[in-house]
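Trainee: quick one: sequence plus predicted model below, questions after.
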Amino acid sequence: MTIGSDEIVSSNWLGEYFVFIRADKASWSGWTYSLGLHPYIPANTRVVVHTASPGGSGTLWPDRNAAGYIDLRNGTTLQVLRQDTKSGDLPGLYVQITGDSPDAGKKGWVYSLGLDVQGGGPLLFTSPSATEWR
């Protein structure tokens with residue numbers, strides 16, 4: 001599906017909006033809550049781990065179905081290699097660690113929550129202007 005309108009209507013919940021969506025094959029359209037919508041993230045998108053606390057970390061799982069993980073420090077840069085849009089509760093972004101990290105070059109799976117587009121904002125649906133609430 002695709003967001004089919006620039007019109008965004010705020011709900012009573014902070015960070016939640018109503019957006020107009022349209023089926024990609026144009027068989028239906030309508031309004032829905034923004035929470036639960038997950039953006040399509042193209043391959044080669046560069047993202048940065050951004051945790052709520054300065055000493056926080058994210059997690060990268062080399063194999064999302066096995067034990068073992070790598071802690072990702074706040075500020076670690078990643079390159080999205082692909083996205084599994086049907087991952088359900090499992091991490092859905094397959095990434096490679098880039099930049100100045102002892103784990104640079106390693107690949108694995110991460111959740112999109114807590115990632116920012118490098119030089120931009122979060123990978124979550126937000127108002128077009130972070131300072132403007134509609």
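Mentor: Right, received. Where do you want to start? Numbers count the residues shown, from 1 in each chain.
Trainee: residue at max distance from the center of this structure?
Mentor: Ser27 (27.0 Å; CA atoms, centre = their mean).
Trainee: what distance do you get for it to Asn44?
Mentor: From Ser27 across to Asn44, the span is 31 Å (CB to CB, to the nearest Å). The C-beta positions use only the backbone N, C-alpha and C, and glycine is treated the same way.
Trainee: follow-up on the earlier one: Three-state assignment for the residue farthest from the centre of the chain, please.
Mentor: Look at Ser27: counting by DSSP: H, G, I helix; E, B strand; the rest coil, its state is coil.
Trainee: cool, Gly108 as well?
Mentor: strand.
Trainee: report the contact partners of it.
Mentor: For Gly108, the contacting residues are Leu60, Trp61, Pro62, Asp63, Arg64, Tyr69, Ile70, Tyr94, Val95, by CB atoms under 8 Å, 6 or more residues apart in numbering.
Trainee: drop anything exposed from these.
Mentor: Among those, those classed as buried by 16 or more other CB atoms under 10 Å are Leu60, Trp61, Arg64, Tyr69, Ile70, Tyr94, Val95.
Trainee: any chance of the residues you listed in JSON lines, plus secondary structure?
Mentor: JSON lines is the format used below for the buried ones among the contacts of Gly108 (three-state DSSP):
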{"residue": "Leu60", "secondary structure": "strand"}
{"residue": "Trp61", "secondary structure": "strand"}
{"residue": "Arg64", "secondary structure": "coil"}
{"residue": "Tyr69", "secondary structure": "coil"}
{"residue": "Ile70", "secondary structure": "strand"}
{"residue": "Tyr94", "secondary structure": "strand"}
{"residue": "Val95", "secondary structure": "strand"}
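Trainee: all good on my end, thank you.
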